[in-house]
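> Based on what follows, work out the 3D shape:
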Amino acid sequence: MSFKETCIKIMAWLNFGLALAGLAKFLPIGYLMLLSVWEPIDPAAYEWSIDLISDTHLIVFVWCVALLIIKALCGHIIVRPWRHPSF
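Predicted coordinates for the structure are as follows:
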């Protein structure tokens, strides 16, 4: 595997990690919504969880730009790196 292929694979894995981190940002608000079934939500915790997900559009933008860079480098869009065969 060449240096370029290795860099593309690393970039694809990092981009996948970014997608997982973007999804994980929604866990606190989901937890608070689940908790709200039994007891009222603390306003500070609610504001914190909303603030946490308020910049998600930037993560999606960086993720899409990284996908375009990967496509420009290798000709493929690699969303799931473990399913992509060797170049």
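> which helix is the longest one in this structure?
helix 3-24 (DSSP state H).
> for that one, which positions count as buried?
Neighbour counts over helix 3-24 (16 or more other C-beta atoms under 10 Å) mark Ile8, Lys9, Met11, Ala12, Asn15, Phe16, Ala19, Gly22 as buried. For every residue, glycine as well, the C-beta is placed using N, CA and C.
> Stretch 42-58 - what's its average pLDDT?
The average pLDDT within stretch 42-58 is 91.
> Can you list the neighbours in contact with that stretch?
For stretch 42-58, contacts defined as C-beta atoms under 8 Å, 6 or more residues apart in numbering pick out Gly22, Lys25, Phe26, Pro28, Ile29, Leu32.
> Give me the buried subset of those residues.
Applying 16+ other C-beta under 10 Å to the contacts of stretch 42-58 flags Gly22, Pro28, Ile29, Leu32 as buried.
> ok now do the last one, which residues does it touch?
Read that as Leu32. Counting by C-beta under 8 Å, 6+ apart, Leu32 touches Ile41, Ala45, Tyr46, Ser49.
> Quick check: the gap between it and Ser54.
Note on Leu32: its distance to Ser54, by C-beta to C-beta, to the nearest Å, is 15 Å.
> go on, the first one?
For Gly22, the distance to Ser54 (C-beta to C-beta) stands at 13 Å.
> Equivalent analysis for the second one, please.
Separation of Pro28 from Ser54 (C-beta to C-beta) stands at 12 Å.
> want to throw the buried residues of helix 3-24 into JSON lines with distance to Pro81 and pLDDT?
Listed next are those as JSON lines, based on distance: C-beta to C-beta, whole Å; pLDDT from 0 to 100:
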{"residue": "Ile8", "distance to Pro81": "9", "pLDDT": "92"}
{"residue": "Lys9", "distance to Pro81": "6", "pLDDT": "93"}
{"residue": "Met11", "distance to Pro81": "9", "pLDDT": "95"}
{"residue": "Ala12", "distance to Pro81": "4", "pLDDT": "95"}
{"residue": "Asn15", "distance to Pro81": "8", "pLDDT": "96"}
{"residue": "Phe16", "distance to Pro81": "6", "pLDDT": "96"}
{"residue": "Ala19", "distance to Pro81": "11", "pLDDT": "96"}
{"residue": "Gly22", "distance to Pro81": "16", "pLDDT": "94"}
